[in-house]
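Chemist: Build the 3D model from these lines:
(one chain, ligands or ions: 1)
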Amino acid sequence: MIANRVAIIGGGYAGFAAAVTLAGAGRDVTVFEAARTLGGRARRVEAYSATVDNGQHLLLGAYAQTLALIRTVHGAGAEHELLDRRRLCLSEPGVFRLSTPDLPAPFHLAVALLLARGWSWADRQATIAFVRNLRRERFRCDPALTVGLLLDAQPAAVIRALWEPLCLAALNTPIAAASATLFLNVLAASFGAHARDSDLLLPRVDLSSLFPDPAAAYVADRGGAIRKSAMVNGLEARDDGVILRIGYSEEQFDAAILAVGPHQLTHLLRDGKSGGERDPRSTLALRQVAAFAYEPIVTVYLQYPTALGLEHPMQKLDGAPGQWVFDRGQLDGPAGLAAVVISTDLPSIRVGHDALAQSIDAQLRRMNPTLQAPTWMQVIAERRATYACSAGLARPAPGMIAPRLSLAGDYTDPHFPATLEAATRSGVAAAQALLSASA
Ligand SMILES: Cc1cc2nc3c(=O)[nH]c(=O)nc-3n(C[C@H](O)[C@H](O)[C@H](O)COP(=O)(O)OP(=O)(O)OC[C@H]3O[C@@H](n4cnc5c(N)ncnc54)[C@H](O)[C@@H]3O)c2cc1C
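Modeler: Coordinates of the predicted model:
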């Protein structure tokens, strides 16, 4: 099979990781994106007087693939203009603080735990012993183990201040159900090798400008095409190519990469005429995604008249109801713009948007009583933000699911939970699988 003309369905981080890889390898790429804005679950949104995102995102120093692609499309020296990078510091003022010093790994973490504020000496010792044991076990465990069981012997104060918030932020899944294997993969990637892998990277630009928009320009510069507002309604993989149905028209390509969300895959493949027996790999992928559950993430933007006065651009909250606050004013956004995040399906988000925004405003003003009333507030609830990264969940792998069809998407990466890094890794893997299959 020669795959010169490749269609990529889905213009999120996975789709554009695949597109950049294929365009860089000289293929003629066309990206189809149903929405008007590129980026999928990580995209720019206009809110009142500000440009925000559909959800506040955080990247890690360990996001090697995402950072490499950002360098490819923006140029090698652009990172510091795009991302605020600082050493890991988790703090909830007056309650808890953990920050990694300027030391090589693993001493940076050991010293951070040793000097953590807000824990007893016994809590710190138990946590250091726990992390030492994880390292000894090479951050591996039984795939059926949940994070809750992994943390069984950890002190309640440490679970509450550190592990549970980290698990919610990284896996968007409650610890009682979350996969300990995926959680340990994130810890290993962040703390296993280099000290700067645990850095926190906060975007200074909107999420479409961070990667999908410049990736689209990169593809266009190499002769490719980007089709926005172009919903692919179905596809048919034949011996001589792949037929895509877009509206009332059909277009033929040599091959296609499916880089849609997991719930959208079912629609795409089920609606498409198969033209014969479905490939068992596609059937298995469809069966696996049909068993997925999903978790929401809510981001509440509040514009205050004056600067928020936070010590760091990212700060932990008490969870009543916001979990983290991000100071967009410190990230090249308007002064006084707060983004407050709540992960997973908690009772606190099952209220009207006005009530939720007001309770978050009250929470921020408990923290800083000098804040005046916000000039506007906007709630963005992503109901299917990520698949639930549950222990033992069977998932498809990225790569070929039929002779001319390759699969990408955050839910296919075997290593990382549903994140930008999982998405970009899967996109590159899907593109490489297609290149190998057509070599
Ligand atoms: C609110 C929120 C907060 C998050 N926070 C973080 C974070 O802090 N850090 C982190 O690393 N990750 C975070 N994530 C997860 C991250 O955004 C996702 O893992 C990642 O964006 C998924 O990328 P993807 O390309 O796999 O899928 P998607 O972004 O879902 O892309 C799929 C694309 O396909 C398009 N599409 C679907 N069907 C069709 C069709 N038939 N025809 C054409 N186009 C189609 C969709 O419109 C979409 O643009 C967060 C997600 C959300 C929602």
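
Chemist: residues touching V219, list them.
Modeler: In this structure, V219 makes contact with F16, A19, V20, A23, V29, V31, A225, I226, judged by Cβ atoms under 8 Å, 6 or more residues apart in numbering. C-beta coordinates here come from the backbone N, C-alpha and C atoms, glycine included.

Chemist: Not counting sequence-adjacent ones, nearest residue to it?
Modeler: A23 (4.5 Å; Cβ to Cβ, 6 or more residues apart in numbering).

Chemist: Which strand or helix spans the one you found?
Modeler: With secondary structure defined by DSSP states H and E, A23 is part of helix 13-24.

Chemist: Just the buried residues of that helix, please?
Modeler: When burial is assessed from 16 or more other Cβ atoms under 10 Å, helix 13-24 yields the following buried residues: Y13, A14, G15, F16, A17, A18, A19, V20, T21, L22, A23.

Chemist: mean confidence score for that helix?
Modeler: Predicted confidence along helix 13-24 averages 98 (mean pLDDT).

Chemist: same thing with stretch 326-337?
Modeler: Stretch 326-337 shows a mean pLDDT of 97 in the predicted model.

Chemist: what about the spatially closest residue to A418 that is not a sequence neighbour, which SS state?
Modeler: Distances taken as Cβ to Cβ, 6+ apart put T386 closest to A418, at 3.5 Å, once the chain neighbours are dropped. The local conformation at T386, judged by DSSP: H, G, I helix; E, B strand; the rest coil, is strand.

Chemist: distance of T386 from the ligand?
Modeler: T386 sits 5 Å away from the ligand, taking Cβ to the nearest ligand atom, to the nearest Å as the criterion.

Chemist: Touching, that residue and F292? I think so.
Modeler: No. Here T386 lies out of contact with F292, judged by Cβ atoms under 8 Å, at a distance of 9.8 Å.

Chemist: What are the buried residues along stretch 299-307?
Modeler: Under the neighbour-count rule (16+ other Cβ under 10 Å), stretch 299-307 has T299, V300, Y301, L302, Q303, Y304 buried.

Chemist: dump the residue contacts of L22.
Modeler: V6, I8, V29, I257, A431, L434, L435.

Chemist: now, among those residues, which is nearest to the ligand?
Modeler: I8 (9.2 Å; Cβ to the nearest ligand atom).

Chemist: Any chance of the backbone angles for the closest one?
Modeler: Phi and psi for I8, reported as degrees, to the nearest 10, are phi -120, psi 120.

Chemist: Let me know the closest of the contacts of L22 to S359.
Modeler: Here the nearest of the contacts of L22 to S359, counting by Cβ to Cβ, is I8; it sits at 41.2 Å.

Chemist: Can you give me the distance of V260 to T419?
Modeler: 17 Å (Cβ to Cβ, to the nearest Å).

Chemist: typo on my end, it should be P374
Modeler: When distances are taken as Cβ to Cβ, P374 and T419 turn out to be 30 Å apart.

Chemist: ok, these two, which is more surrounded?
Modeler: T419 (27 against 20; other Cβ atoms under 10 Å).

Chemist: Could you pull up the contacting residues of the closest residue to the more buried one other than its chain neighbours?
Modeler: What sits nearest to T419 in space, not counting adjacent residues and going by Cβ to Cβ, 6+ apart, is D410, at 6.5 Å. For D410, the contacting residues are Y13, A14, T386, F416, A418, T419, L420, A422, A423, S426, taking Cβ under 8 Å, 6+ apart as the criterion.

Chemist: Low-confidence bits of the chain, can you list those?
Modeler: Where the chain drops to pLDDT under 70, the residues are 270-276.

Chemist: please redo it, this time with the cut-off set to 80
Modeler: Residues of the chain that meet the criterion pLDDT under 80 lie in 1-2, 270-277, 439.

Chemist: Tell me who's in contact with T386.
Modeler: Applying Cβ under 8 Å, 6+ apart, the residues contacting T386 are R41, L171, N172, T173, Y294, E295, I297, D410, P417, A418.

Chemist: can I get these in JSON lines with secondary structure and distance to the ligand?
Modeler: Output for the contacts of T386, formatted as JSON lines (DSSP: H, G, I helix; E, B strand; the rest coil; distance: Cβ to the nearest ligand atom, whole Å):
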{"residue": "R41", "secondary structure": "coil", "distance to the ligand": "4"}
{"residue": "L171", "secondary structure": "helix", "distance to the ligand": "10"}
{"residue": "N172", "secondary structure": "coil", "distance to the ligand": "7"}
{"residue": "T173", "secondary structure": "coil", "distance to the ligand": "12"}
{"residue": "Y294", "secondary structure": "strand", "distance to the ligand": "10"}
{"residue": "E295", "secondary structure": "strand", "distance to the ligand": "10"}
{"residue": "I297", "secondary structure": "strand", "distance to the ligand": "4"}
{"residue": "D410", "secondary structure": "helix", "distance to the ligand": "4"}
{"residue": "P417", "secondary structure": "coil", "distance to the ligand": "8"}
{"residue": "A418", "secondary structure": "coil", "distance to the ligand": "4"}
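
Chemist: In PyMOL, select just the buried ones from those residues.
Modeler: Typed into PyMOL, the next command selects the buried ones out of the contacts of T386 (criterion: 16+ other Cβ under 10 Å):
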select buried, resi 41+171+172+173+294+295+297+410+417+418
